[in-house]
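Engineer: here are the coordinates; sequence isn't available:
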């Protein structure tokens, strides 16, 4: 056994699992997490955390008894993360399971044969059976690391290179307008100028526009812009937990200026809709019959049962949260173009 993988005391081993689990789940949640198919974002989060705690807990329980080494702590963490990644990114879990199961069973069979020869006919013990199970799970964990690592490297590398240098602003304390930022937003009026921008510069334009629109909508929080892995047919999405609009990492380069602006406006209206829902939840029920409150109640129900459209596009496009966001984006796009053209002409 490698000196760096020596057996730990029970307390140290459990602490190692908790620390590594917390760190990797946090990084995964921020950098790689995405919803599962047509499930709502909230339901996907529930599945993510519940499945992680269940599989992670079972792994810690087994390895704490028979294999208290540092590598076990890593495998205990990455095994559930790998399974969730397979479901949310690649959809067909059975393919992943078959591949990993084949590897695990092959390795376990070889080890079992060697172990059987050594045992010379003695009966199987709980420890030996659990050991074989731990070995199989470790192989799954190692394969999960192989699965997650390229996605994480790609996300970190992309965000590091193309995250905006322009910071997001809090609309409660700063007011940004189109005319004040006409020079920064000018590429949105000229596709040729947009194409000449670097990716960093395009992100700066998007963050500037997000700042302007957050102020126009009166949002009570910042609105940040980034990019992350999203499903093939998703242009961007809004994360209410982090107040972040994420463009599709794999598609951003192909966006025209008009597509990028329209997408950002659409997603920023989802931020506004989420604020209406928060207002509805925190308002005395005496006022919930107001028209704006009834609209917020409708939004709340749709967000709870949101259809992402990956398997049923028709159910996605008829949702009121989507139709209202699309109408807003169309109207607001025209307003911005008119205001920007006027500001540039008068400069």
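Structural biologist: Looks like it arrived, so ask away. Everything quoted here is computed from the prediction, not taken from an experiment.
Engineer: just give the closest residue to residue 221, not the sequence neighbours.
Structural biologist: In space, and not counting its chain neighbours, residue 221 is closest to residue 243: 5.0 Å by CB to CB, 6 or more residues apart in numbering. All C-beta spots, glycine's among them, are computed from the backbone N, C-alpha and C.
Engineer: repeat for residue 280
Structural biologist: Nearest non-adjacent residue to residue 280, counting by CB to CB, 6+ apart: residue 296, 3.7 Å away.
Engineer: secondary structure element for that neighbour?
Structural biologist: Taking DSSP states H and E as the criterion, residue 296 maps to helix 291-304.
Engineer: and what about the residue most central in space within the chain, helix, strand or coil?
Structural biologist: Residue closest to the average C-alpha location in the chain (CA atoms, centre = their mean): residue 33, at 3.0 Å. Under DSSP: H, G, I helix; E, B strand; the rest coil, the three-state class of residue 33 is coil.
Engineer: ok so, going back, my guess is the residue nearest to residue 280 meets residue 275, correct?
Structural biologist: No - counting by CB atoms under 8 Å, residue 296 sits too far from residue 275 to count as a contact (9.0 Å).
Engineer: okay, these two: which has more neighbours?
Structural biologist: Neighbour count, other CB atoms under 10 Å: between residue 296 and residue 275, residue 296 has more, with 22 against 19.
Engineer: what's that one in contact with, if anything?
Structural biologist: With contact set as CB atoms under 8 Å, 6 or more residues apart in numbering, residue 296 has these partners: 276, 277, 279, 280.
Engineer: who does the helix or strand harbouring the last one touch, helix- and strand-wise?
Structural biologist: In other words, residue 280. According to DSSP H and E, residue 280 maps onto helix 257-282. Packing contacts for helix 257-282, counted by 3 or more CB pairs under 8 Å, 6 or more residues apart in numbering; DSSP states H and E, involve helix 191-196, helix 199-217, strand 236-239, strand 244-248, helix 291-304, helix 320-345.
Engineer: of all those, which one is nearest residue 270?
Structural biologist: For those, the distance to residue 270 is smallest for strand 236-239, at 4.2 Å, taking CB to CB.
Engineer: partner strands of that closest one, with direction?
Structural biologist: strand 244-248 (antiparallel) (DSSP bridges).
Engineer: can you tell me what sits against the partner strand?
Structural biologist: Outside strand 244-248, the residues that reach it (CB under 8 Å, 6+ apart) are 206, 210, 223-230, 234-239, 255, 260, 263-264, 267-268, 271.
Engineer: quick one on the thing from earlier: ok, of the contacts of residue 296, which come out buried?
Structural biologist: 276, 277, 280 (16 or more other CB atoms under 10 Å).
Engineer: in CSV, list the residues you listed along with pLDDT and distance to residue 321.
Structural biologist: As requested, the buried ones among the contacts of residue 296 are exported to CSV (pLDDT from 0 to 100; distance: CB to CB, whole Å):
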residue, pLDDT, distance to residue 321
276, 95, 10
277, 93, 10
280, 91, 14
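Engineer: out of those residues, who's nearest residue 27?
Structural biologist: Taking those together and measuring to residue 27 by CB to CB, the closest member is residue 277, at 28.5 Å.
Engineer: what residues are up against the closest one?
Structural biologist: Residues counted as contacts of residue 277 (CB under 8 Å, 6+ apart) are 296, 299, 300, 303.
Engineer: and the two most separated of the residues you listed?
Structural biologist: 296 and 303 (10.4 Å).
Engineer: about what we covered before: residue 55: which of the helices and strands packed on helix 257-282 is closest?
Structural biologist: Across these, residue 55 has its closest neighbour in strand 236-239 (24.7 Å, CB to CB).
Engineer: how about the nearest residue to residue 245, chain neighbours excluded?
Structural biologist: Once flanking residues are discounted, residue 245 sits nearest to residue 267: 4.5 Å by CB to CB, 6+ apart.
Engineer: distance-wise, check the one you found relative to residue 326.
Structural biologist: Separation of residue 267 from residue 326 (CB to CB, to the nearest Å): 11 Å.
Engineer: what about these two, which has more around it?
Structural biologist: Neighbour tally, residue 267 and residue 326, criterion other CB under 10 Å: the higher count belongs to residue 267, 24 against 15.
Engineer: so who does the nearest residue to residue 145 once chain neighbours are set aside touch?
Structural biologist: Leaving aside its chain neighbours, residue 145 sits nearest to residue 78 (5.0 Å; criterion: CB to CB, 6+ apart). Listed by CB under 8 Å, 6+ apart, the contact set of residue 78 reads 24, 141, 142, 144, 145, 148.
Engineer: contacts only, for the third one.
Structural biologist: The one in question is residue 142. Under the criterion of CB under 8 Å, 6+ apart, the contact partners of residue 142 comprise 75, 78.
Engineer: residue 323 and residue 317 touch, don't they?
Structural biologist: Yes - here residue 323 reaches residue 317: they are 7.4 Å apart, a contact under CB under 8 Å.
Engineer: tell me the SS of residue 36?
Structural biologist: Counting by three-state DSSP, the backbone at residue 36 sits in coil.
Engineer: if I look at the closest residue to residue 197 other than its chain neighbours, how far off is residue 246?
Structural biologist: The shortest distance from residue 197 to any non-neighbouring residue, by CB to CB, 6+ apart, is to residue 187 (5.8 Å). For residue 187, the distance to residue 246 (CB to CB) stands at 21 Å.
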